[in-house]
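Novice: need coordinates for the below:
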Amino acid sequence: MRLLSFILLFWVLSPSLYAQTLQQKLKTSPLDSQFVYLNLQSRNQDKDFKIIRKTNLDIIRQNVKDSLSTYKKQISELKGDASSSAGSITGLQDSVKNLSAALEQEQQKTDSISFLGIQFSKSSYHMMVWIIIVVLAIALFAILAAFRKAKVDTDESKHTVDELQEELQSLRKKSMEREQQLKRQLLDEQLKRNS
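Specialist: You can find the predicted model right below:
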């Protein structure tokens, strides 16, 4: 408080120096400080009223106008930046959607296999291939079993045919021998009769 009263006393005693420094301070300091300096510099007329120099008031008015125009420019620049950012964000969101759709299509392509013009999921395709392999293996074993049975049957048939042919040969031999015997007997009988 004493320091403040000392500063006020110094300004009152040297008005020209005070006026120059106040106007310089008003031109160079922030708005809030300018109002504080103006309030300190103003003379009290009454308890509720102060007298302010018109030049100081004009300086502050000009500073406020400059600050307002600067802030308006900054606000418009920020709005422009925000709108361009919003545009780029929507563009990026669209590209993300496109990339997501393309990724989903590629995943569907990699997760499916075309077989005979029909799309199958990989698991269905693998299951179908294994079923085909198992069916073919069963068919192969059935064919091999049928072939073996046919071979066994053929071998048995050959063996039976061989036996039957041997039996037939033996029967032919016997029948020829019998025929020869009968012919001899007939000849013998004819010879006996003729003699």
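Novice: just the strands in the chain please.
Specialist: For the chain, the strands defined by DSSP state E occupy 43-44, 50-51, 112-115, 118-121.
Novice: and those strands: which comes nearest residue 140?
Specialist: strand 112-115 (22.0 Å; Cβ to Cβ). The C-beta positions use only the backbone N, C-alpha and C, and glycine is treated the same way.
Novice: could you report the neighbour count for residue 35?
Specialist: 14 (other Cβ atoms under 10 Å).
Novice: mind listing what it touches?
Specialist: Counting by Cβ atoms under 8 Å, 6 or more residues apart in numbering, residue 35 touches residue 60.
Novice: what's the pLDDT at it?
Specialist: Looking at residue 35, its pLDDT is 76.
Novice: distance check, it against residue 42.
Specialist: 10 Å (Cβ to Cβ, to the nearest Å).
Novice: check residue 141 too.
Specialist: Counting by Cβ to Cβ, the gap from residue 141 to residue 42 is 114 Å.
Novice: the two - which one has more neighbours?
Specialist: residue 42 (15 against 10).
Novice: where does the protein have low pLDDT?
Specialist: By pLDDT under 70, the low-scoring segments of the chain are 1-23, 25-27, 115.
Novice: can you give me the helices for it?
Specialist: 2-13, 15-28, 31-41, 54-111, 122-194 (DSSP state H).
Novice: burial measure for residue 38, as a count.
Specialist: Neighbour tally, residue 38, other Cβ under 10 Å: 19.
Novice: so who does it touch?
Specialist: Per Cβ under 8 Å, 6+ apart, neighbours of residue 38: 26, 52, 56-57, 60.
Novice: most widely separated two among those residues?
Specialist: Farthest apart among the contacts of residue 38 - using Cβ to Cβ - are 26 and 52, which lie 11.3 Å from each other.
Novice: which residue of the two possesses the greater neighbour count?
Specialist: residue 26 (23 against 13).
Novice: state the distance from the residue positioned nearest the centre of the chain to residue 86.
Specialist: A centroid search over the chain (Cα atoms, centre = their mean) returns residue 103, at 5.1 Å, as the residue closest to the centre. Distance, residue 103 to residue 86, using Cβ to Cβ: 25 Å.
Novice: still on that earlier bit, nearest to residue 195, out of the strands of the chain?
Specialist: So among the strands of the chain, strand 112-115 is nearest, using Cβ to Cβ, at 98.6 Å.
Novice: buried set for that closest one?
Specialist: Residues residue 113 are the ones in strand 112-115 that count as buried (16 or more other Cβ atoms under 10 Å).
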